[in-house]
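Show me how the following folds:
(2 chains)
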Amino acid sequence: MAKFFAVTIVAIAIISAIPILRHTWWMAEDISAHGAPIDEQMSETMAEAGISFVASQIILAFFIWKFSNPKPGDKVKNFPGGAKAMVWAAILLVGTEVLALGVFGVKAWANVYFTPPSADAMPIQVQAGQFAFYFRYPGPDGKFATAHPDMISEANQNFYGLDLDHDADAKDDIVTAQMAVPVNREIHLLMHTKDVGHSFFVPELRVQQDFVPGLDLSLHFTATKIGKYEIVCTQLCGLGHYNMKAYISVLSQQDFDDWLKKQAAMQ
Amino acid sequence: MHDMAQHDAAAHHAPTSFISKHVFSLDHKVIGKQYYGLALLAALAGMGLSWLMRLHLGWTNYAIPGLHLLTKNGAPGDVMTPEFYLQLMTMHATIMVFFVLTTAPFAAFGNYFLPIQVGAEDMPFPHFNMMSFWVTFVAFLVLMSSFFVGQGPTLGGWTQYAPLSALGEVGGPGEGTGVVLWAASIGIFCIGQLLGSLNFITTTLDMRTKGMSLWRLPISSWGWFITSCMGLTAFAVLMPACILLILDHVAGTSFFVSSNIVINDQMQPHSGGSTLLWQHLFWFFGHPEVYIAIVPGMGIVSHVLITNMRKPMLSHRVLIYSFGALAVLSYMVYGHHMFVSGMNPVSSLAFSFPTLVITIPSTIVVLIWLGSLYGAKLRINAASLFGLGFISMFIAGGVSGFFLAQPSTDIMLHATYFVVGHFHLVMGVAAMFGIFSGTYFWFPKMYGRMMNETLGKIHFWFSFVGAYAIFMPFHYLGLAGNVRRYQAFTPDYMQKLIPLHQFITVAALVTGAAQLIFLYNLIYSRFKGTPATDNPWQATSLEWSTPTTPPPHNNFGDKLPEVFHDPYQYGVESSVGDYVMQTSPEKVKTDNDEA
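Reported below is the predicted structural model:
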């Protein structure tokens, strides 16, 4: 039984690794300007974790195979290097591994969070609420009108609580249920929630960021490939969480301008 | 101190009535068995809930016969509603994390065997001990009662993120009374754990018998001791957090709710609270909790494997130091749950570093296990199979931690099934394997009868292959961006993942069903198993030196044992074979005497 167990362990380790190596189920294609270091980091981590996983399972299996069901006269033996060898192996192997991952990982993270958006990045607001996203474009005046939470009314489709009667800035704000961005243009996404915690996750864009009640957070990214992608909520927000999604269309500048005009006309 | 504690423990005599013997018992052994029974009940409930969830995830509109019996509004025509799915999910996780993974390896086995392994008659505070169980039992009842109250249990997940959890029924079904009952249950549970931890710590420090130095304690006792130190600090933070959450519901406070929250076009009457405050408090408990669930399992499995390898670990002390390092570091890593929470991105890097560093003591532990297998005379039985399976699962679940420890890769994997796969393997399945290993090993001592080995091995094969079949694909789902806590996969890109979910569901049903073999074995062997001898595994530690099996009320009869050896003198030549019991004064030549 011990030998069969050893074979099973190795078989499981190999079968588990095959879909990873073949990318049978894998990350969506990267369409962001900042995503490459994240993907590299993912591949490096996968290589290190994968080797650790398969190697340790094989060692486990080999020792089970070799050292089970001993003959009556057999004596136990000790691993020649003793515990010291193990401690040094762990410190050197894993220590180097985590140091490398840590150091290179900082770069990938810094790309997203420590570089400020450029001055000409296009600002777009996103407001999360149970169970929909609403996007706001500032319109020709380039200004977002002040939002008044007490004036939010889903019934009147005033999702942002804009004071349309008194606030001149509000009149040209464009509020939409789907998002569109021009390709190869940096977007500065200004995020807030009107109720509970939510999250903004677009796998292709390599961004995931929570919405936090009481905090104004922001993200910036540049989409590099025209197409239609999905924004999904990843922070449990209530019974409709699974259905809280929107599309983000990455359009050519011309198509984007046309789209925005059409949205403005519908306000 | 030793004498005082001993006097107090000795002051309670063997009970005579049924109630004082089996219900409100002061005997740590009975309390340990009570904890085990509660964990077993909770595990069956938790597993049942996971079956319902898996059926729904594989076939969303499938009518599950009889589902409406569990809920007032959650299953019209026996088809699960979105909110009922989330309620079942929350209950599954809460039951499993608190009432199984914390209760069985730590409270159940620890209660039964820690006092015996240190050579004591009982714990120093038997009344606290009895209270700790009954308080935990009440906590379980309070949690389960939420199925029958108002709109059912809370749907906010076991992490109960505010403000969803703090706003009341306006946040969703179960977010009012359901949350209050959840928080009350967990708050009460914390009291039980605090009392238990206090008892465990004092037992270890003050109740050791003559000759039992700290280094001579078996590794399982070290596991429980280190866990109780973690429990004392972690649960002491979770309890006040739960109290504040309840106050947000019933006293009009706003600890966790900020201003300007609008639901159904209504401004909510809250201001000034902090969403992230809850996350910090919760995860300050939540991450050590992972180790509270797994360190006792590490101790138990090491103890079981040593006996079945017929040789000690490469180093008893290095293992203990590593357990200690895990415990200390577990408090410094909790922020990796919050990389994308809106917490300052510099903090994310600060939390990332210790999270990567904690892999070093984990790796040392694994390498010590592997290195100790070298040159062993390994016995293959149900207990050792589950012990070896534990190592395999711990490695499998551990390596995925590399991805979640780094903020940059976490961007792609946070809140996906990758995380679900990771924690199920490393703290769920591994800890369960620890429980099974301990059960097959210690059952003869606890009940005086052997468990059926054949059934145990069948149980192992289904569990081992099944657990991989269920949880490995979770990682693939997560890489493909499958978000967790969804009751159906409506985004376009998740549609193609549904067949994989169906495979997982089938695997979960089969693996779950195989657990009934264990249940049958447990019940059958309790009454019909082959009678066990005092030391059926030829083991060395004190639980195998009791004058009777199961041990008498005061564990060791008239005289407490005296200890002469390290806990694991295997692979030696003595008058009884290849081992020397700790209580034997026989001198043997050994390479491994560290104490």
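
can you list the residues of the stretch 451-595 of chain B near chain A?
Contact residues (CB under 8 Å from any CB of the partner chain) of the stretch 451-595 of chain B with chain A: B:457, B:464-465, B:468, B:472, B:476-477, B:479-481, B:483-493, B:497, B:500, B:570-571, B:578, B:591. For every residue, glycine as well, the C-beta is placed using N, CA and C.

Would you mind listing what in the stretch 51-200 of chain B touches chain A?
Where the stretch 51-200 of chain B comes near chain A, counting by CB under 8 Å from any CB, the residues are B:81-83, B:86, B:155-157, B:161-164, B:167, B:171-173, B:175.

Now the two most distant members of those residues.
By the measure CB to CB, those have their two most distant members at B:Thr81 and B:Ala162, which lie 23.9 Å apart.

So between those two, which is more surrounded?
Each of B:Thr81 and B:Ala162 had its neighbours counted (other CB atoms under 10 Å in any protein chain shown), and the higher figure belongs to B:Ala162 (32 against 17).

quick one: that one and B:His270 touch, right?
No. Between B:Ala162 and B:His270 there is no contact, the gap being 10.3 Å when judged by CB atoms under 8 Å.

what do those two both touch?
Residues touching both B:Ala162 and B:His270 (CB atoms under 8 Å, 6 or more residues apart in numbering or on different chains): B:248, B:257.

Contacts only, for B:Ile243.
With contact taken as CB under 8 Å, 6+ apart, B:Ile243 is in contact with B:183, B:187.

Can I get stretch A:71-87 as CSV, trimmed to CA atoms?
Coordinates of the C-alpha atoms in stretch A:71-87 are reproduced here as CSV (Å, rounded to 0.1, in the frame of the first residue of the first chain):
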residue,chain,number,x,y,z
LYS,A,71,12.3,-5.9,7.6
PRO,A,72,12.5,-7.1,11.2
GLY,A,73,16.3,-6.6,11.5
ASP,A,74,16.4,-3.1,10.0
LYS,A,75,17.6,-0.2,12.1
VAL,A,76,16.5,3.4,11.9
LYS,A,77,19.0,5.8,10.4
ASN,A,78,19.3,9.5,10.6
PHE,A,79,19.5,11.9,7.7
PRO,A,80,23.2,12.6,7.4
GLY,A,81,22.9,16.4,7.6
GLY,A,82,20.6,16.4,10.5
ALA,A,83,18.3,19.3,11.4
LYS,A,84,21.0,21.8,10.7
ALA,A,85,20.9,20.9,7.0
MET,A,86,17.2,21.5,7.0
VAL,A,87,17.3,24.8,8.7
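
Could I get the contacting residues of B:Ser408?
With contacts defined as CB under 8 Å, 6+ apart, the neighbours of B:Ser408 are A:37-38, A:41, A:105, A:108-109, A:112.

typed the wrong thing, it's A:Leu60
Applying CB under 8 Å, 6+ apart, the residues contacting A:Leu60 are A:9, B:370, B:373, B:388, B:391-392, B:395.

Filter the contacts of B:Ser408 down to the buried ones and hand me the ChimeraX line.
With 16 or more other CB atoms under 10 Å in any protein chain shown as the burial test, the buried ones among the contacts of B:Ser408 are selected in ChimeraX as follows:
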select /A:37,38,41,105,108,109,112
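
from the contacts of B:Ser408, which are also near chain B?
Filtered for proximity to chain B (CB under 8 Å from any CB), the contacts of B:Ser408 shrink to A:37-38, A:41, A:105, A:108-109, A:112.

can I get those in CSV with secondary structure and pLDDT?
As requested, the ones next to chain B among the contacts of B:Ser408 are arranged in CSV below (DSSP: H, G, I helix; E, B strand; the rest coil; pLDDT from 0 to 100):
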residue, secondary structure, pLDDT
A:Pro37, helix, 93
A:Ile38, helix, 94
A:Gln41, helix, 93
A:Gly105, helix, 82
A:Ala108, helix, 84
A:Trp109, helix, 87
A:Val112, helix, 80
